[in-house]
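Just to be clear, the model below is a prediction. Sequence and coordinates:
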Amino acid sequence: MKPTDIANPDYFHKVVDCQWACPAHTPVPEYIRLIAHGRYSDAYMINWKSNVFPGILGRTCDRPCEPACRRSRVEDEHLVKGKKEPVAICRLKRVAADYKDDDGIKAGMPKAPAKNGKRIACIGGGPSSLTVARDLAVLGYEIVIYDQDPKLGGFIRTQIPHFRLPESVIDEEVGYIVDIGNIEFRHKKVDSLKAVLAEDYDAVFVGSGAPRGRDLDVPGRKEAATNIHIGLDWLSSVSFGHISKVGKRVIVLGGGNTAMDCCRTARRLGGSDVKVIVRSGFEEMKASPWEKEDAMGEDIPILNMLVPKEVTHKNGKITGVLFEKVKAEYDAKGRRSLVPSGEPDEHHECDDVLVAIGQENAFPWIESDAGIEFDKWGLPKLNETTFGSSHPKVFFGGDAAFGPKNIIWAAAHGHDAAISIHKMLIGENPEERPAPGVNIASQKMGIHEWSYDNAPTIDHRLKVPHRPKKEALKDIMAEVELGFDPQLAFKEAQRCLNCDVQTVFTGTLCIECDACVDICPMDCITFAQNGEEKDLRTRLLAPAMNPTQDLYIGGDLKTQRVMVKDEDVCLHCGLCAERCPTGAWDMRKYYMEMTQAEHACRKQ
Amino acid sequence: MTYIAKPRLHHPSLVKNKAGYTRRDYEGAVSTLCAGCGHDSISAAIIQASYELDVLPHQIAKLSGIGCSSKSPTYFLGASHGFNTVHGRMPSVMTGANLANRNLVYMGVSGDGDSASIGLGQFAHIMRRGVNMTYIVMNNGVYGLTKGQFSATADKGSISKKGVANSEEPIDLVSLAILMGATFVGRSFSGDKHQLVPLIKAAMAHKGAAFLDVISPCVAFNNHPGSTKSYDYVREHNEALNRIDFIEGREAITASYDPGTLTTVRQHDGSILRLRKLGEDYDPSDKVAAMKRVQEGEADGEVVTGLLYVDPAPRDLHHHLNTIDVALNTLGDAELCPGPAALDRINASLR
């Protein structure tokens, strides 16, 4: 193998698993350390810059960072007395939002400079549009956001129940963006793209989401229509106070996060017998494991392998739903299909049905001759780098771009689209993307002192305290999760392995004394004859079993061997650097920030 | 030294040996030696060898004298018996311990100062008595604790860190050990665990006086150009005669070799050492030839390493003294106070 090119910013970025997995590439370990230091405002601002909605995401994010967390690969069940678990990254983010200095944050927020004369329309008031607005307003652009709902926030406001995300948090974080200035909100449903384009905007960003909930198509659906609700619309009506009651017996169809929000909302609006019924198996449900857990914790059973066959009704009133029982069968290629199990159909009585079986993109307001091409799935044809559509002035982002995803993806898309719009409007090529900002610095403070807590703890993951169930179910506005307090947050933050503090090897300084090999608690360093990667992985002190994680190859050794470090299980404890007599190993903090529109001219 | 303890988290593939312990269980406290010290590598090799031999940690006694090397037993086998003796007196304490309890595995750890200067007399006598042990000298050619004066094993002409050449003849502990009657003698290098770990394993399995001279560079005071005990010098001049590839009876044969490249040494207890020849034809069971080859290497400026001499049928101190087969601490009243009839018999034999 060739020696690793650590000058490529991707190499060390990838070692920071959480940051690499995050669509917005938030510098996670850095803000977790700041939380441990009690510097909540600084931690908040790192998040705000990167993902725009720290308080919201700290409660609702789908957390792609957590399954990636190295901690869950290196924990030992006996030592931590529990399951291998990642750091509670998402809930630590909320700590930053909860304990920051609100006045200081507000005072330090950027303000729009003098207008630069260019106008941008954002269609939809959700997270992707708001991100575009924030990134471009600070550059002097004039932003107009259109939304059909009376308040900004989009699905953040209409789809997420307030017992998971209090409205005050949305108001606060939407406020930080609007208060920048140069942002105008028009409460108006857009029904023609051509009409918007006719207003002579310099660019149009479409962040209109995936607003259409898929409907149920079974006999009896029409007849019992009064008691069958589309989950997305129903949640939105609850959010705006148009619906405040539901029947005692409620069936929620679907296995995604919307289904989880529907069933828990129903429990708070009078549903005493609420159940979730899904077609697939329990394990394959799309809902995040923790959301399923929370639903079941509120006495909501989840029944699986049941396909709705018919809605039963009497005198125009729903009586229940009939389900066919199915089982999973796999073909030779491992593809699953659900086939009838042959068991008798099951009938479940109910007063209301909430349908949460998927959501779709819908662009009825984009005229066919507006210049936007769509693919066969009804999604706009986009340049995946720039998010530009077939119309030179129109960009897409969020769920409107590639179908339903999560808030964090919407923020990431927003940043990228904002870069494209800015580059286009200053006459640069939007295809040439700016390089990330990277700062790498040694963390050595003394002979054996580092600027970070390098001794890994063996504490298991801490649980976020919840409001007592009885109290929580009584009040739809009462937030269930209470968040970590500073003491719990400190303890949880200390579980972070500081993967951004990188082990950097300089072969010319190495005397091959084996001190690093001997001290490494994870046996991840080996000095060996070079070879192909596949072969090297088997010849190490401990086999490198995870092919998704790189081997760090260091050359320039006197014996012509190479230093091979398996990045997979490194604890970043710095003992290799501490035991190194010549400074061939050093612990260097690698702080990487994605470049936003503000510095879009930064060259790769 | 290091401020934090070695984290207890470990590689997910870490496995237990037949004794039920992982390699990490054979570790000791975190080292306080200078970073990069060869002694730490030897400690790691001892940990690895003990783990691979499936020894129960409480069945090992580690003894040492005074010096950097003699501190090192704190850093390995944390669950074993330990004894830090007076300077240079480790051999006599180990002889006594071995006489009292022959069932333990004895490991003596010493340095060139402890064994070649203040303890040279004790060193010679423990070898000629044939105490069943593994005696490891971590040999760096300097007094590290007192800032780098030449020790008695420093080569003549070797340059100190200050720039002064050594004018005195070195003591070659390998030659001395063979001469004094050690029945297993090897030399190795802290920077070559592939050679060192099997040598330690074979020495621990040997039922007699086993001596290993391990060149262990002193990073602080003896790792500069002009030193003959530096990492670079030893790597350049290392003349490895053989490598122990496996000890039959304990491990399955995992590799096949061309005929004529292996030397087989069958030991008294039935175990078989398989030595892979590296280059020249060398028979480690020929004592006179071994002494000759070591001296030739010395004259040519080579650092001759490998298993240099082994007596396949060693006799140890207990055999010479015709002692009882069990450890003395297992003897009960009946054996220790055989009563008036036995006393009468002894008295009668003296009349």
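Nice, thanks for sending it over. Residues are numbered from 1 along each chain as shown, chains lettered A, B, ... in the order given.

What about the residue of the stretch 1-150 of chain B found nearest chain A, how many residues nearby?
In the stretch 1-150 of chain B, the residue that lies nearest chain A is B:Gly36 (2.8 Å; C-beta to the nearest C-beta). All C-beta spots, glycine's among them, are computed from the backbone N, C-alpha and C. B:Gly36: 24 surrounding residues under other C-beta atoms under 10 Å in any protein chain shown.

now B:Ala152, what's its secondary structure?
Recorded secondary structure, B:Ala152: coil (DSSP: H, G, I helix; E, B strand; the rest coil).

okay, the residue lying closest to it once chain neighbours are set aside: pLDDT?
Excluding the flanking residues, the one nearest B:Ala152 by C-beta to C-beta, 6 or more residues apart in numbering or on different chains is B:Ala116, at 4.1 Å. In this prediction, B:Ala116 carries a pLDDT score of 97.

Quick check: closest non-adjacent residue to the residue nearest the centre of chain B.
Per C-alpha atoms, centre = their mean, the C-alpha nearest to the average position across chain B is that of B:Ile136, at 2.7 Å. Leaving out its chain neighbours, the residue that sits closest to B:Ile136 by C-beta to C-beta, 6+ apart is B:Leu212, at 4.9 Å.

So that neighbour lies in a helix, does it not?
No: when three-state DSSP is applied, B:Leu212 is found to be strand, with no helix at that position.

Please look at it and B:Asn139 and confirm they touch.
No: assessed by C-beta atoms under 8 Å, B:Leu212 is found out of contact with B:Asn139, at 9.7 Å.

where does chain A dip in pLDDT?
A:601-604 (pLDDT under 70).

picking that back up, ok, now which ones touch the residue nearest to B:Ile136?
Taking C-beta atoms under 8 Å, 6 or more residues apart in numbering or on different chains, we find B:Leu212 in contact with B:134-137, B:185-188, B:199-200, B:203.

which residues pair with the residue nearest to the centre of chain B across the strands?
Using DSSP bridges, the bridge partners assigned to B:Ile136 are B:Val109, B:Leu212.

List the residues that contact it.
B:42, B:46, B:107-110, B:200, B:203, B:212, B:214.

Using TSV, please lay out those residues together with pLDDT and distance to B:Cys68.
Formatted as TSV, these follow (pLDDT from 0 to 100; distance: C-beta to C-beta, whole Å):
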residue	pLDDT	distance to B:Cys68
B:Ile42	97	11
B:Ile46	97	15
B:Met107	97	17
B:Gly108	98	15
B:Val109	98	11
B:Ser110	97	11
B:Ile200	96	19
B:Ala203	95	21
B:Leu212	98	17
B:Val214	97	13
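
how about the residues of the stretch 351-500 of chain A near chain B?
Within the stretch 351-500 of chain A, the positions adjacent to chain B are A:448-449, A:454-456, A:458 by C-beta under 8 Å from any C-beta of the partner chain.

my bad, chain A
Contacts of chain A with chain B, taken as C-beta under 8 Å from any C-beta, map to A:73-76, A:79, A:448-449, A:454-456, A:458, A:511-515, A:517-519, A:521-524, A:542-543, A:545, A:558-559, A:569, A:571, A:573, A:575, A:578-582.

try 6 Å
A:74, A:79, A:448, A:455-456, A:511, A:513-515, A:518, A:521-523, A:542, A:569, A:571, A:573, A:578-579, A:581 (C-beta under 6 Å from any C-beta of the partner chain).

Check the stretch 101-250 of chain B for the residue nearest chain A and tell me.
B:Val219 (4.5 Å).

Could you find the closest non-adjacent residue to that residue?
B:Gly36 (3.9 Å).

And the nearest residue to A:Gly507 once chain neighbours are set aside, how far from B:Leu199?
Ranked by C-beta to C-beta, 6+ apart and with sequence neighbours excluded, the top spatial neighbour of A:Gly507 is A:Asp556, at 3.2 Å. A:Asp556 sits 30 Å away from B:Leu199, going by C-beta to C-beta, to the nearest Å.

where's A:Ile408, which helix or strand?
Using DSSP states H and E, A:Ile408 sits within helix A:407-425.

per-residue pLDDT, B:Glu302?
88.

State the helix or strand in which A:Leu473 lies.
helix A:469-474.

For that helix, name the packing helices and strands.
With contacts defined as 3 or more C-beta pairs under 6 Å, 6 or more residues apart in numbering or on different chains; DSSP states H and E, helix A:469-474 has no helix or strand neighbours.

8 Å instead?
helix A:257-268 (3 or more C-beta pairs under 8 Å, 6 or more residues apart in numbering or on different chains; DSSP states H and E).

and the angle for the next helix or strand after the helix it packs on with helix A:257-268?
Heading C-terminal from helix A:257-268, the first helix or strand you meet, by DSSP H and E, is strand A:273-277. Here the directions of strand A:273-277 and helix A:257-268 differ by 170 degrees (axes from the mean of the first three to the mean of the last three C-alpha atoms, to 10 degrees).

would you list every one of the helices in chain B?
B:38-52, B:68-71, B:90-100, B:112-116, B:120-129, B:173-180, B:193-205, B:231-237, B:287-300, B:317-321, B:333-336, B:340-350 (DSSP state H).

give me every residue that touches A:Leu462.
A:Leu462 neighbours (C-beta under 8 Å, 6+ apart): A:88, A:484, A:488, A:491-492.

Oops, could you answer that again for A:Ala493 instead?
A:32-33, A:35-36, A:87, A:92.

Which of these fall in helices?
Per DSSP H, the subset of the contacts of A:Ala493 in helices is A:32-33, A:35-36, A:92.

how near is A:Asp179 to chain B?
46 Å (C-beta to the nearest C-beta, to the nearest Å).

my bad, should have said A:Asn182
Shown here: A:Asn182 relative to chain B, a distance of 51 Å by C-beta to the nearest C-beta.

If we ignore the residues flanking it in sequence, what's nearest that residue?
Leaving aside its sequence neighbours, A:Asn182 sits nearest to A:Ala112 (C-beta to C-beta, 6+ apart; 4.0 Å).

list the buried ones in stretch A:538-551?
Residues A:540-542, A:544, A:549-551 are the ones in stretch A:538-551 that count as buried (16 or more other C-beta atoms under 10 Å in any protein chain shown).

close enough to count as contact, B:Ser158 and B:Ser230?
No: counting by C-beta under 8 Å, B:Ser158 stays clear of B:Ser230, with 9.6 Å between them.

Residue 245: neighbour count?
In the absence of a named chain, chain A is used. 9.

My question was about chain B, not that one.
Quick note: B:Asp245 (other C-beta under 10 Å) scores 18 neighbours.

That one contacts B:Lys201, doesn't it?
No: between B:Asp245 and B:Lys201 there is no contact under C-beta under 8 Å: 11.2 Å.

which residues does the closest residue to A:Trp377 other than its chain neighbours contact?
Closest residue to A:Trp377 apart from its sequence neighbours, by C-beta to C-beta, 6+ apart: A:Gly403 at 7.7 Å. If you count contacts by C-beta under 8 Å, 6+ apart, A:Gly403 has them with A:210, A:361, A:377, A:379.

Got a quick PyMOL command for the buried subset of these?
Selecting only the buried entries of these in PyMOL, with 16+ other C-beta under 10 Å as the criterion:
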select buried, chain A and resi 210+361+379
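
Quick check: the farthest pair among the contacts of A:Gly403?
Of all pairs drawn from the contacts of A:Gly403, the greatest distance, 11.5 Å, lies between A:Ala210 and A:Trp377 (C-beta to C-beta).

Against which helices or strands is the host helix or strand of A:Arg94 packed?
Element membership of A:Arg94, judged by DSSP H and E, is helix A:89-99. Other elements packing on helix A:89-99 under the criterion 3+ C-beta pairs under 8 Å, 6+ apart are helix A:28-36, helix A:40-51, helix A:54-60, helix A:65-68, helix A:486-493.

And the next helix or strand after the shortest one, what's buried?
Once the chain leaves helix A:65-68, the next helix or strand it forms, by DSSP H and E, is helix A:71-74. Along helix A:71-74, these residues count as buried under the neighbour rule (16+ other C-beta under 10 Å): A:71-72, A:74.
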